[in-house]
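# next comes the sequence, and after it the predicted model I'd like to discuss.
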Amino acid sequence: MQLEIGKIYTGKVKAITQYGAFVDVDGGGSGMVHISEIANTFVNEIRDHLTEGQEVKVKVIGVNEAGKVSLSIKKAVENNGEPQEKKRPAPNKERRSKPVVWEPKKVVPQSEMSFDDMLAHFKQSSEERISDLKRSTDRKNGTRRK
């Protein structure tokens with residue numbers, strides 16, 4: 001029997017290696033479940049998740065040119081909606097309550113500003129522009145102000 005890609009089968013774990021587990025699929029055929037396809041969590045030791053002779057559900061995720069079948073336990077479980085195992089809780093990360101969002105400066109209409117306020121605003125923006133120009137010119141000339 002030829003295994004179909006994308007289909008879920010039941011099988012038995014026949015052998016466990018450092019990089020994966022070999023599974024004989026019911027109805028004929030066999031394949032390998034790579035260590036990265038065993039669980040949704042990091043798998044350091046395969047024997048912590050599987051034992052030889054254990055029945056597992058596997059999904060066929062590929063067949064290479066040599067006819068070797070790639071299987072996945074975690075994708076088979078995701079499709080069935082069954083929980084595979086208890087996941088470790090995510091580490092506590094401090095998060096900001098609100099994302100930082102750029103907001104433009106609130107500009108008061110000139111009709112509401114006094115002459116002194118407008119003059120102060122003009123002086124401040126002029127000084128900022130002049131200092132930006134000086135920095136730019138100094139960088140181009142290779143000199144720096146201290």
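The structure has been received and is ready for your questions. Keep in mind the model is a prediction, meaning the values are calculated, not measured.
# need the helix or strand of the chain with the lowest average pLDDT.
Using mean pLDDT, DSSP states H and E, helix 73-80 stands out as the lowest-scoring helix or strand of the chain, at a mean of 78.
# helices or strands up against it?
In terms of contacts (3 or more C-beta pairs under 8 Å, 6 or more residues apart in numbering; DSSP states H and E), helix 73-80 is packed against strand 8-16, strand 55-63. In short, each C-beta sits where N, CA and C put it, glycine included.
# ok, which of those comes nearest Gln2?
strand 55-63 (8.6 Å; C-beta to C-beta).
# wait, is Ser125 part of a strand?
No: counting by DSSP: H, G, I helix; E, B strand; the rest coil, Ser125 falls outside a strand, being helix.
# gap between Asp116 and Pro109?
Counting by C-beta to C-beta, to the nearest Å, the gap from Asp116 to Pro109 is 16 Å.
# what about this structure, any weak spots by pLDDT?
Residues of the chain meeting the criterion pLDDT under 70: 1, 79-108, 110, 143-146.
# distance from the centroid: which residue in it tops it?
Phe115 (54.8 Å; C-alpha atoms, centre = their mean).
# let's have the helices and strands packed on helix 73-80 in TSV, adding mean neighbour count and distance to Phe42.
Formatted as TSV, these follow (neighbours: other C-beta atoms under 10 Å; distance: least, C-beta to C-beta, whole Å):
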stretch	mean neighbour count	distance to Phe42
strand 8-16	17	17
strand 55-63	18	19
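# of all these, which one comes closest to His34?
With C-beta to C-beta as the criterion, His34 lies closest to strand 55-63 of the helices and strands packed on helix 73-80, at 9.3 Å.
# name the residues that touch the closest one?
3-13, 23, 25, 31, 33, 37, 50, 69-73, 75-77, 79-80 (C-beta atoms under 8 Å, 6 or more residues apart in numbering).
# dihedrals phi and psi, Glu128?
Dihedral pair for Glu128: phi -60, psi -40, per degrees, to the nearest 10.
# for Leu119, see how far away it is.
Using C-beta to C-beta, Glu128 is found at 15 Å from Leu119.
# roughly how far does Gly20 sit from Ile73?
To Ile73, Gly20 is 10 Å away according to C-beta to C-beta.
# shared neighbours, the two?
Jointly contacting Gly20 and Ile73 under the rule C-beta under 8 Å, 6+ apart are Val33, Glu37, Ile38.
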